[in-house]
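*Asks:* everything below, folded, please.
(4 chains)
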2 protein chains.
Amino acid sequence: MTERQPDSTAATGDVPSRKRLGKNGDGAERHDAIYRSISDAIIEHRLKPGARLREDALADVFGVSRTGIRKILQRLALEQLVTLTPRRGASVTRPTADEAKDVFDARQMVECGLMPATARHMTPDDASALRDMARREREALRAGEQSTAIKLSAAFHERLAQLSGNATLAEFVARLCSRSSLILAVYGNPGHLGCESHDHDELIRFLEAGDGERAAAFMSRHLKAIEASLSIVEEEEEVPDLQRIFSG
Amino acid sequence: MTERQPDSTAATGDVPSRKRLGKNGDGAERHDAIYRSISDAIIEHRLKPGARLREDALADVFGVSRTGIRKILQRLALEQLVTLTPRRGASVTRPTADEAKDVFDARQMVECGLMPATARHMTPDDASALRDMARREREALRAGEQSTAIKLSAAFHERLAQLSGNATLAEFVARLCSRSSLILAVYGNPGHLGCESHDHDELIRFLEAGDGERAAAFMSRHLKAIEASLSIVEEEEEVPDLQRIFSG
DNA sequence: CTGTCGCGATGCGTATACAATAGCCGATAT
DNA sequence: ATATCGGCTATTGTATACGCATCGCGACAG
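*Replies:* Reported below is the predicted structural model:
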């Protein structure tokens, strides 16, 4: 690992050139960039649930040592995007049906509860920025770029929570959105993306009008619709219970 | 670091003797125990906000290398119990007034919102266990053991959230309770502990009766009372704005 | 006497090396 | 032919070593 990879376009494309990364300089920023690369890859379903993430491979790809990778992997594990099994390494988390229910219940409570505050704090600039995001999401969806659409949809919900002014809850919502993306990857029907095309625009309209109550009600329906579109079948993960299966 | 500290009573008192920690054995459990030791020390105000946590010192005290300590410190940082500044090391987080408001607003939303589900799921056993916790908390408070009382109070709220059945939200509440403990350490008035003596018993009564609505209302008042008991004065942390002060 | 520069020490950030474990494949015995 | 046992390899977990930044103190110049 003493030689540098001359091409830094290996992984996700946004590795910061090779700005004299001799020893330090942008160490922290670099790690953050790697974190975001992996996180994005998971959220965009470029890394599918169950995919193994070997430390050596990641260290090699990003040109840092395993130490840094481990740190990032642990952070991802704490956010429940990856699962760390004691001697088996890291893999992209495969949410269970129970977790999926918990996550969507939590989103119901928090995102809806945040709507009034968001409606209060929203400025015309915020509204137009949100509209732009919704538009880009629609375009991505139309162009068949699922990855982009998924990320934009999550970003939209995150932004909404940020506008409420409560940083703690906004961060929590961000976490829930990431996990929702994972849930969609496992239980979602292909082709039937989570958020309906014009739901987000409708939501913006309520918020713009300062009607937090109606926005909350709409958000509730919106989330229920997403959850209802999932096909949660539980996959029969555990021991197949041969007794029961072959009892005939 | 090759010799063992013969006295293991140095730090928090529950370092697990020196059970032949030759190389591995209970590595993961050990780290978890260390994590809990530090976490508890912070929550119980044995480590006060602003206290510096040097890696070498912790590594020495617990008899592991800095590597393990770093991992634990990062986990604590992600939970916002300690603050990691790039080259200055770790210190116990000192919450700002804004953060305090966010945390209590979040608790209002989530803890109150969880009450109906908790009321639905509560069994007589749960109720008696909760009563026991409340009793022990009262006793600790009466005996002047602030540390114990603080921890028990946080544990009570955490347990309530767990009973709701939503693991995701329960974990979030646990995090919020930890941070609340930190907030009490900074902004709380000495002697006037957060939770009033009999509030928790009252809450149990509502929940036992299955009256989630009333429990939520009571929880709301309860949290408001705690927040109101704080003296948030903002401490003038940032640059003291010498211009303004000496403008006369 | 004061302000600035330089030196030394402390402590974090990163990489590398070593050790242990779990899964896998092949060999052998029944 | 198959099942079981043993060794091997691959991969993680932990510790240690090294480099660099920052902070505090002292000396020297003005």
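*Asks:* run through the bridge partners of the residue of chain A found nearest DNA strand D.
*Replies:* Going by CB to the nearest atom of the strand, DNA strand D is nearest to A:Gly89 of chain A, at 3.1 Å. For glycine as for every other residue, the C-beta is placed from the backbone atoms N, C-alpha and C. Following DSSP bridges, A:Gly89 is listed with bridge partners A:Thr85.
*Asks:* hang on, isn't it packed against A:Glu55?
*Replies:* Yes. Applying CB atoms under 8 Å, one finds A:Gly89 in contact with A:Glu55, separated by 6.8 Å.
*Asks:* low-confidence ranges, chain A, go.
*Replies:* A:1-27, A:191-196, A:234-248 (pLDDT under 70).
*Asks:* interface residues of it facing chain B?
*Replies:* A:28, A:71, A:74-75, A:78, A:86, A:98-99, A:102-103, A:105-106, A:109-110, A:113-114, A:166-169, A:172, A:176 (CB under 8 Å from any CB of the partner chain).
*Asks:* mind listing what the residue nearest in space to the middle of chain A touches?
*Replies:* Nearest residue to the geometric centre of chain A (CA atoms, centre = their mean): A:Ser178, 2.4 Å. Applying CB atoms under 8 Å, 6 or more residues apart in numbering or on different chains, we find A:Ser178 in contact with A:Ser39, A:Ile42, A:Ile43, A:Glu79, A:Leu81, A:Ala154.
*Asks:* mark which of those are part of strands, please.
*Replies:* Helix and strand membership here follows DSSP state E; of those, not one is in strands.
*Asks:* mind putting those residues into a markdown table with neighbour count and distance to B:Leu184?
*Replies:* Shown next, in a markdown table, are the contacts of A:Ser178 (neighbours: other CB atoms under 10 Å in any protein chain shown; distance: CB to CB, whole Å):
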| residue | neighbour count | distance to B:Leu184 |
| --- | --- | --- |
| A:Ser39 | 18 | 33 |
| A:Ile42 | 24 | 37 |
| A:Ile43 | 25 | 36 |
| A:Glu79 | 17 | 27 |
| A:Leu81 | 23 | 32 |
| A:Ala154 | 24 | 34 |
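*Asks:* what segments of chain A are strands?
*Replies:* A:52-53, A:82-85, A:89-92.
*Asks:* can you spell out which helices and strands pack onto the shortest one?
*Replies:* Counting contacts by 3 or more CB pairs under 8 Å, 6 or more residues apart in numbering or on different chains; DSSP states H and E, the secondary-structure elements packed against strand A:52-53 are strand A:89-92.
*Asks:* can you give me the buried ones in the strand it packs on?
*Replies:* By 16 or more other CB atoms under 10 Å in any protein chain shown, the buried positions in strand A:89-92 come out as A:Ala90, A:Ser91, A:Val92.
*Asks:* any part of it near DNA strand C?
*Replies:* No. Counting by CB under 7 Å from any atom of the strand, DNA strand C has no neighbours in strand A:89-92; the shortest distance is 10.2 Å.
*Asks:* show me what that strand is packed up against.
*Replies:* Secondary elements touching strand A:89-92 (3+ CB pairs under 8 Å, 6+ apart): strand A:52-53, helix A:66-78, strand A:82-85.
*Asks:* ok so, going back, identify the farthest-apart pair in the contacts of A:Ser178.
*Replies:* Greatest spatial distance among the contacts of A:Ser178 (CB to CB): A:Glu79 and A:Ala154, at 13.1 Å.
*Asks:* who touches stretch A:73-87?
*Replies:* Residues contacting stretch A:73-87 (CB under 8 Å, 6+ apart): A:35, A:38-39, A:42-43, A:53, A:55, A:58, A:90-94, A:175, A:178-179, A:182, B:28, B:71, B:74-75, B:78.
*Asks:* for the closest residue to A:Pro116 other than its chain neighbours, grab the count of nearby residues.
*Replies:* Nearest residue to A:Pro116 in three dimensions, chain neighbours excluded: A:Gly212, at 3.1 Å (CB to CB, 6 or more residues apart in numbering or on different chains). Counted by other CB atoms under 10 Å in any protein chain shown, the residues lying close to A:Gly212 total 21.
*Asks:* show me what from chain A comes close to DNA strand D.
*Replies:* A:23-25, A:54-56, A:66-67, A:70, A:84, A:86-90.
*Asks:* give me that answer again for 10 Å
*Replies:* Proximity of chain A to DNA strand D, by CB under 10 Å from any atom of the strand, involves residues A:22-25, A:27, A:52-59, A:65-67, A:69-70, A:73-74, A:84-91.
*Asks:* just the buried ones from those residues?
*Replies:* Buried among the residues of chain A next to DNA strand D (16+ other CB under 10 Å): A:Leu53, A:Glu55, A:Leu58, A:Ala59, A:Ile69, A:Arg70, A:Leu73, A:Gln74, A:Leu84, A:Ala90, A:Ser91.
*Asks:* export those residues to CSV and tack on distance to B:Ile226?
*Replies:* Shown next, in CSV, are those (distance: CB to CB, whole Å):
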residue, distance to B:Ile226
A:Leu53, 42
A:Glu55, 44
A:Leu58, 44
A:Ala59, 46
A:Ile69, 42
A:Arg70, 39
A:Leu73, 37
A:Gln74, 33
A:Leu84, 36
A:Ala90, 39
A:Ser91, 41
